[in-house]
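>>> Structure of the sequence below:
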Amino acid sequence: PRSASASLSTAATSEASTRSRPPTPKAVVAMEQRRQERQTRWEALKSRYAEKAQEEEQARREAREEEERQRKAEKLQAHLKKLEQQQAVLEAEEAKRQQRE
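Next comes the predicted model:
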């Protein structure tokens, strides 16, 4: 039991001293590499998000344009129907006038 607690104490001391020492050049290189990898993943994530947002905006724009085209087509269709009705009325009036003559 004594040797086990002594080795735990030694391990704790060793760990504490490791934390207070500056990192080794190898550790610094590894930390920088991990930082760069995180940064690269972050940039890729931002890029994908921006691309997706752009695609969604494009889809919304196209949908709005299609709705606008649809509205214009409906207005033109209604206007054409009115003109055809007016033409029919005028033709009927003309036919009556010619019958009277």
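>>> Give me the distance from the helix or strand where residue 85 lies to the chain's centre.
Element membership of residue 85 [criterion: DSSP states H and E] is helix 25-100. For helix 25-100, the separation from the chain centroid amounts to 15 Å (computed by C-alpha atoms, centre = their mean, to the nearest Å).
>>> What average pLDDT does that helix get?
Across helix 25-100, pLDDT averages out at 97.
>>> any idea whether residue 23 is helix, strand or coil?
coil (DSSP: H, G, I helix; E, B strand; the rest coil).
>>> I'd assumed residue 29 was in contact with it.
No - judged on C-beta atoms under 8 Å, residue 23 makes no contact with residue 29 at a distance of 9.5 Å. Any C-beta I mention is one placed from the backbone N, CA and C, and that applies to glycine too.
>>> picking up where we left off before, which neighbouring elements make contact with the helix holding residue 85?
Using 3 or more C-beta pairs under 8 Å, 6 or more residues apart in numbering; DSSP states H and E, no helix or strand is in contact with helix 25-100.
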